[in-house]
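*Asks:* only the shape, not the letters, is given here:
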């Protein structure tokens, strides 16, 4: 699961791998950061994450 908003918290927690993107540049809530397994700066980095899995 890849998400960037507060509405993604439940899906990030439930996913096998929850990835939060931070490319928006604004500060994301602590709850959202804690729900994600990984944080990436740019959505294109998802490709590298998938390759590593």
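*Replies:* Yep, it's here. The model shown is predicted, which means the values in this text are computed figures rather than measured ones.
*Asks:* what residues does stretch 26-40 touch?
*Replies:* For stretch 26-40, contacts defined as Cβ atoms under 8 Å, 6 or more residues apart in numbering pick out 3-6, 8-9, 12-13, 15, 17-22, 46, 49. Quick note: C-beta positions are derived from backbone N, CA and C, even for glycine.
*Asks:* identify the residue nearest the geometric centre of the protein.
*Replies:* Computing the C-alpha centroid of the chain and ranking residues by Cα atoms, centre = their mean puts residue 20 first, at 1.3 Å.
*Asks:* let me know the pLDDT of the nearest residue to that residue once chain neighbours are set aside.
*Replies:* By the measure of Cβ to Cβ, 6 or more residues apart in numbering, the closest residue to residue 20 outside its immediate chain neighbours is residue 36, 3.6 Å from it. Looking at residue 36, its pLDDT is 95.
*Asks:* ok so, going back, list only buried entries from the contacts of stretch 26-40.
*Replies:* Listed as buried from the contacts of stretch 26-40 are 3-4, 8-9, 12, 15, 18-21; burial here means 16 or more other Cβ atoms under 10 Å.
*Asks:* now tabulate the residues you listed in CSV and tack on distance to residue 29.
*Replies:* Formatted as CSV, those follow (distance: Cβ to Cβ, whole Å):
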residue, distance to residue 29
3, 12
4, 11
8, 11
9, 9
12, 12
15, 18
18, 14
19, 16
20, 11
21, 14
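*Asks:* out of those, list just those in helices.
*Replies:* Among the buried ones among the contacts of stretch 26-40, the members found in helices (DSSP state H) are 9, 12.
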